[in-house]
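>>> build me a structure from this.
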Amino acid sequence: MSNTASTFQPHNHTHLPLTAPTARRLSIVSLGLSLGFFISITFVLCVLFDLWFPSLAMNPAWASLLPGFTWISWSSFALGLAETFAYGWYIALIFVPLYNFFSRRISPGNQL
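Coordinates of the predicted model:
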């Protein structure tokens, strides 16, 4: 029987200086694709909802938010998909540079 308890040596951890974690930079492409698909999928679900429950339809809201969208034809549906995808990219193109700019400027100990 070996005496492992007497030969056990705790790890000699090197002590690194603690630094505050830096904010991760966002990618325009990742956020643009994510938001574009998210909003487009939401649009499809809303159109399906409007078709199943016409008395609760939201198509007047879509018509005011999406230029050229009318209720409902295949060309109008395709236009709505393209426009909602473009809205996701618009958000990413504005949000990501702003986020990356401010995340570099604000240190964790110096919050606004």
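>>> now for residue 59: which residues touch it?
Applying C-beta atoms under 8 Å, 6 or more residues apart in numbering to residue 59 gives the contacts 47, 50, 71, 72. To be clear about C-beta, it is placed using only N, CA and C from the backbone, and glycine gets the same treatment.
>>> if we use 10 Å, what do you get?
Applying C-beta atoms under 10 Å, 6 or more residues apart in numbering, we find residue 59 in contact with 46, 47, 50, 51, 69, 70, 71, 72, 76, 80.
>>> hmm, who's touching the strand or helix carrying the first one?
Spelled out, that is residue 46. Residue 46 belongs to helix 28-52 when assigned by DSSP states H and E. Here helix 28-52 makes contact (C-beta under 10 Å, 6+ apart) with 27, 56-59, 61-62, 65-66, 69, 71-72, 76-77, 80-97, 99-100.
>>> repeat the analysis, applying 6 Å as the threshold.
57-59, 80-81, 84-85, 87-89, 91-92, 96 (C-beta atoms under 6 Å, 6 or more residues apart in numbering).
>>> just these: which are in helices?
Counted as lying in helices by DSSP state H, out of the contacts of helix 28-52, are 59, 80, 81, 84, 85, 87, 88, 89, 91, 92, 96.
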